[in-house]
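Participant: kindly generate the corresponding structure for this input.
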Amino acid sequence: MPHCILEYSANLVEEPDWRRLLGEIHDILMATGEFALADIKSRVVRHEQFLIGDGADNRAFVTLAIQFLDGRPDDLKKRISDAAVAALVAAFQSTWDRMILSVTVQICDIHRASYGKTASSPGK
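Facilitator: Just a heads-up that it's a prediction; the model follows:
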């Protein structure tokens, strides 16, 4: 925990170094002092089929959902969101400059009482 799910439209101008970009998101989360690096799990999902507004070809999106257990204060969530938006705009600067790009970050609370988790420990 947390889980970071970055989704984007297939029409972006650039193809960033995804590992580096996810590392930047991890750094933002680590800077809060709230999370352990080994617990942050991130993935990227490309959407070939999408429709934005009227379907104009010059519209694109990048959206990042960051999920973690509920109970953290709103000001922390806002700091994470603001830093992540800035990192995403920087990563997609060419698309930002040439297209109508929607960049969004949402912090999603996971209901602590109903969250389930297990993990393997090979060799232990």
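Participant: buried ones in the helix ranked longest in the chain?
Facilitator: Assignment by DSSP state H gives helix 74-91 as the longest helix of the chain. Using 16 or more other C-beta atoms under 10 Å as the test for burial, helix 74-91 gives Lys77, Ile80, Ser81, Ala83, Ala84, Ala87, Leu88, Ala91. Any C-beta I mention is one placed from the backbone N, CA and C, and that applies to glycine too.
Participant: and the second one, how far is that from Ile66?
Facilitator: Right, the one you point to is Ile80. Noted for Ile80: a distance of 6 Å to Ile66, by C-beta to C-beta, to the nearest Å.
Participant: common neighbours of those two, please.
Facilitator: Counting by C-beta atoms under 8 Å, 6 or more residues apart in numbering, the contacts common to Ile80 and Ile66 are Leu29, Val105, Ile107.
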